[in-house]
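Student: here is the input, now give the coordinates:
(chains A, B, C and D)
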2 protein chains.
Amino acid sequence: MTKPGTLTEVELEIMHVVWGLGTATVKQVHDVLSARRPVAYTTVMTMLGLLAKKGHLKREESGKAFVYRPAHTKGRVVSKMLDDFVSRVFHGSARPLVLALLKDRKISKRDLEEIARLAEVDE
Amino acid sequence: MTKPGTLTEVELEIMHVVWGLGTATVKQVHDVLSARRPVAYTTVMTMLGLLAKKGHLKREESGKAFVYRPAHTKGRVVSKMLDDFVSRVFHGSARPLVLALLKDRKISKRDLEEIARLAEVDE
DNA sequence: CATGTAGTACTAATTTATTAGTATGACGAA
DNA sequence: TTCGTCATACTAATAAATTAGTACTACATG
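Tutor: The predicted structure is shown next:
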């Protein structure tokens, strides 16, 4: 198991699918995933079970199959991962990160201005 | 081995040390690292060797011991990791990332404005 | 010269992550 | 009722990442 809160690559991939669907069965997730790359049904099952065990998904019995739903919002999990990333890669400072995004043209001056404008409200 | 370009947690930790020192021997890295947490000398050696094999470090013989130096700048590697992170976690869009930073108070409106101002030059 | 320190190469143990197999059951349709 | 599909639990194989041991050499110094 990983340290709580952070998701590994495949775990995250699957969480994104479940967040997208809102609620999902193994079959549904498998359908989405196998459209992208070959993956066994049981592999998906294992991962969903693991994510449930780790507390990232809640599972409810519904008819024959289990239905999984996210235990936390995408925003919350993504925030946590971002936080983690900023401390690991940028020693905790977000500024150089944003500077890097700008430098690499991942974001524009205008985007930044626009985002800054959104901050007005709660300052 | 990991996919080229991206560094695992421990690899990154060690790269940060080497970037900090500019150039480093196993002993130097071990000294820095073991001040933080217990780690065997040979573990550090293995990691430096691995990073050299992966192309992240260049090693030169200098007297008795090897001297390692980064093969790429921190900026370049960090950019690559950021790029990777943005695609894995944010499906490639940097905007929601910056929004999340703002929301979580990792960065302020003023920071953003200031960074946007820096972009003037090359627009 | 014996001993400790610093170094290497090579190997291996351990842990974590990923992928998937096997055995089994329920159920609808031919 | 038999076959295929969808489902589960349990188990296991494989791969990737992390940590460290063992054996050995060179060298300074008491």
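Student: is DNA strand C within reach of stretch A:66-73?
Tutor: No. Against DNA strand C, stretch A:66-73 shows no contacts by C-beta under 7 Å from any atom of the strand, the least distance being 12.5 Å. (C-beta placed from N, C-alpha, C; glycine too.)
Student: neighbouring contacts of that stretch?
Tutor: Residues outside stretch A:66-73 that contact it (C-beta atoms under 8 Å, 6 or more residues apart in numbering or on different chains) are A:15, A:18-19, A:22-26, A:29, A:48, A:51-52, A:55-61.
Student: buried ones among those?
Tutor: A:15, A:18-19, A:24-26, A:29, A:48, A:51-52, A:56-57, A:59 (16 or more other C-beta atoms under 10 Å in any protein chain shown).
Student: if we can go back for a sec, ok, and of the contacts of stretch A:66-73, which contact chain B?
Tutor: Among the contacts of stretch A:66-73, no residue is within reach of chain B (C-beta under 8 Å from any C-beta of the partner chain).
Student: strand partners (parallel or antiparallel) of the lowest-mean-pLDDT helix or strand in chain A?
Tutor: Ranking every helix and strand in chain A by mean pLDDT, DSSP states H and E puts strand A:57-62 at the bottom, with a mean of 90. Strand pairing for strand A:57-62, using DSSP bridges, gives strand A:65-70 (antiparallel).
Student: for the helix or strand just after the partner strand, which helices and strands make contact with it?
Tutor: Later in the chain than strand A:65-70, the nearest helix or strand by DSSP states H and E is helix A:74-90. On a contact count with 3 or more C-beta pairs under 8 Å, 6 or more residues apart in numbering or on different chains; DSSP states H and E, helix A:74-90 meets helix A:9-21, helix A:94-103, helix B:9-21, helix B:74-90, helix B:94-103.
Student: how about the nearest residue to A:L102, chain neighbours excluded?
Tutor: B:A119 (5.8 Å; C-beta to C-beta, 6 or more residues apart in numbering or on different chains).
Student: for DNA strand C, find the nearest of the helices and strands packed on helix A:74-90.
Tutor: helix A:9-21 (4.0 Å; C-beta to the nearest atom of the strand).
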